[in-house]
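Participant: Need coordinates for the following:
(one chain, ligands or ions: 1)
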Amino acid sequence: MGRHISSSTIDAVSSSINIVSLVSEYVHIDKRGANYWGCCPFHNEKTPSFSVNPDKNMFYCFGCNKGGGVIQFYMDIENVPFADAVEQLARKNAIEIIYDDSFTKEEDEEYARAKQLKNDMLDLYKRTAALFRYFLNETEQGKPVLDYLARRGVSPEIAESFGLGFAPDDRRWLKKFLLQKNYSNDFLAQSGLFSKNYPDIAFFSNRLMFPICNRNGEVVAFGGRILEGDGPKYLNSGDLPQYKKTDTLYAFHLAKNQINKRKTVILCEGYMDAIAYHQAGLNYAVATCGTSLTEEHVHMLKPLADTFLLSFDGDEAGQKATFRAVLMCRKAGATVKIVNIAGFNSGDKPKPKDPADVLLNFGAETLTSIVDNSIIDSDYLLSRLAKKYPIDTPDGKTKASLEFFPYIDVLQSDIQKESCLEQLCNTFGLSLKAVRSDFNRRDAAQKRTVPDGHASESLAPDNPDIKKNAELRAMLAVVSNMEYFTKMRSKLSPEDFEDPAAKELFYALEECFREDAVSLDAILAKCGNEKLRNMVSETVSSGEFAINSQETTPKIIEDSIAFVHRNSLKRKRDRLMNKIRQCSGRTLEEQQELRNMQYEKMAIDNELNVKDVTE
Ligand SMILES: [Zn+2]
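Facilitator: Residues are numbered from 1 along each chain as shown. Here you go, the predicted model:
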């Protein structure tokens, strides 16, 4: 049965853990004035509205209104319930957990069981990793593996910090050992450490073992590399109660602080690649674990890093993976560069295949300089296309363009898009006009056929069809009468808009006002979406929202602002109601939160002037 955590433990966790250092593990924040600021990890944004207040030990986002103390932050970022957040934070910070003697209700049992299973698995994996380390370092069997590591240039210190080990050749040994330690057959059968069909036989044997850790450095899974004999070169754990490969990155726990500090990450595909980078002092490298890069991986890294350096294999599969990863990282708004090991001039020596090769044969300085000279993705993609297709035939030009267009699609600014189209033209000797019309035609055709996915709006590379809804009409009214934008700005913020096109117009106007360059052209230049540009031009020239009266603030503007504000409040109220419904109020902290939320809802209700009909 699960147990109640005492309020003294909750107090200790929320007051003794520093919010700045906790948040810094997940988000890059900079000190500005008394507070720290960064881009919010809970909603998509380009300008920081996420603040951390060290005095009050709390965070607050002015964009999405999320806020709270360390426990709330941990719950939201790790997506765990209150009790788990307290326990995990306490464990991480060596705070003793005291339980009240009261037990939770029966419906909690299932949940408590799942949690217990996960904790038991973590213990088992920790113990198994220690066994593998022992076999590597303390036994005869481990000697050839230590030799191999030395030959590959892996220092004992690095092997130690990565917890490398060796799974012994005897495939029955591990089971016997663990049964002696009072683990049950049932439990071990679920552990992923044994063959599914032959539960006495170890899954990993006679392999160099790479423990895979979660972001707290707890071992959650293994990868194993074969050194001799038959079998796949690498074996990896499948998904487990404590491990999902699509949201785990190898070496993340070792690299996260450096990634945050440099706002840069090196992304590679193999355990040995990541280790080589760390060995060379480039300790901001992480690797995917036997899977290709996923959006979850990118979302894990994006709050810490602006720049993604991709270091994948130079072969055909690696190039495909690189292209996929470029699109994914660009879509998330990152700057992307390619670590070009294949392009390294090795002189008389054979060309290195991977970072470990470079490190071993040319040294850490060379590997560092290759990383420092990473190529911006557009240059890399175009030079690859120029090699792949004949530059001087119409067919080659067309194919290359078509292959390059998806990259232009995911770029986030019009200026970037334009300059990459120009680059394409220069590389293949094409006219900008022809390429642009090809691109737009294909763009339009694609927008009609591709159904609108569930991707969040600011991650979507292109905007769906624009509907002239009430929000957009409100913005168009202001664009038609720009002198009233300051009025609107004093009442509304971009987050008050739900419609992406209306939001884009709001941003465009705001940028123009900030740059003190307010004109229709300037606004149009800032709209990325062609259909929106057309609609703005059309609306303004048609005089649909022209104002003739002498009122100080014309009714149409007043109404527009009021409408958007009201809708925004309603959405906020809905979100709040949801949270209130989900809040169990089981702990003191939750009760306090519940009161705060109810108070906030009352304030909104007052403003909306609606009666509370739900309770
Ligand atoms: Zn936010």
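Participant: which SSE is whichever residue of the stretch 501-615 of the chain sits closest to the ion in?
Facilitator: Per CB to the ion, Arg575 is where the stretch 501-615 of the chain lies closest to the ion, at 12.1 Å. Just so you know, the C-beta spots here come from the backbone N, C-alpha and C atoms, and that holds for glycine as well. If you go by DSSP states H and E, Arg575 is part of helix 555-582.
Participant: Tell me the helices and strands packed up against that helix.
Facilitator: If you count contacts as 3 or more CB pairs under 8 Å, 6 or more residues apart in numbering; DSSP states H and E, helix 555-582 packs onto helix 470-480, helix 485-491, helix 588-608.
Participant: Which SSE is immediately downstream of the shortest one?
Facilitator: Towards the C-terminus, the helix or strand next in line after helix 485-491, according to DSSP H and E, is helix 500-514.
Participant: can I get the CA coordinates of that following helix in PDB?
Facilitator: The C-alpha trace of helix 500-514 is given here as PDB (Å, rounded to 0.1, in the frame of the first residue of the first chain):
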ATOM      1  CA  PRO A 500      -2.500  31.300 -35.400                       C
ATOM      2  CA  ALA A 501      -3.000  33.800 -38.200                       C
ATOM      3  CA  ALA A 502      -4.400  36.500 -35.800                       C
ATOM      4  CA  LYS A 503      -1.400  35.800 -33.500                       C
ATOM      5  CA  GLU A 504       1.000  36.100 -36.300                       C
ATOM      6  CA  LEU A 505      -0.500  39.500 -37.300                       C
ATOM      7  CA  PHE A 506      -0.300  40.600 -33.700                       C
ATOM      8  CA  TYR A 507       3.400  39.700 -33.500                       C
ATOM      9  CA  ALA A 508       4.100  41.400 -36.900                       C
ATOM     10  CA  LEU A 509       2.500  44.600 -35.600                       C
ATOM     11  CA  GLU A 510       4.300  44.500 -32.400                       C
ATOM     12  CA  GLU A 511       7.600  44.100 -34.100                       C
ATOM     13  CA  CYS A 512       6.900  47.000 -36.400                       C
ATOM     14  CA  PHE A 513       6.000  49.200 -33.500                       C
ATOM     15  CA  ARG A 514       9.100  48.200 -31.600                       C
END
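Participant: what's next to that helix, contact-wise?
Facilitator: For helix 500-514, contacts defined as CB atoms under 8 Å, 6 or more residues apart in numbering pick out 457-458, 460, 463, 466, 469, 471-472, 474-476, 478-479, 482, 485-486, 489, 492, 494, 497, 518-519, 522-523, 526-529, 532, 535-536, 564.
Participant: need the contact list for Ser537.
Facilitator: 520, 524.
Participant: got the angle for the helix or strand containing it vs helix 500-514?
Facilitator: Ser537 belongs to helix 530-542 when assigned by DSSP H and E. Following axes from the mean of the first three to the mean of the last three CA atoms, to 10 degrees, one obtains 70 degrees for the angle between helix 530-542 and helix 500-514.
Participant: please renumber so the chain begins at 51
Facilitator: Understood, numbering begins at 51; the last thing we discussed is helix 580-592.
Participant: okay, now whichever residue of the stretch 501-650 of the chain sits closest to the ion: neighbour count?
Facilitator: Residue of the stretch 501-650 of the chain nearest the ion, by CB to the ion: Glu545 (8.4 Å). Using other CB atoms under 10 Å, Glu545 has 19 neighbouring residues.
Participant: Now that it has come up, it's in contact with Ser618, right?
Facilitator: Yes. With contacts counted by CB atoms under 8 Å, Glu545 reaches Ser618, the gap being 7.5 Å.
Participant: Model confidence at the closest residue to Val348 other than its chain neighbours, what's the number?
Facilitator: Spatial nearest neighbour of Val348, chain neighbours left out: Ala382 (4.9 Å); criterion: CB to CB, 6 or more residues apart in numbering. The score at Ala382 is 88. That number is its pLDDT.
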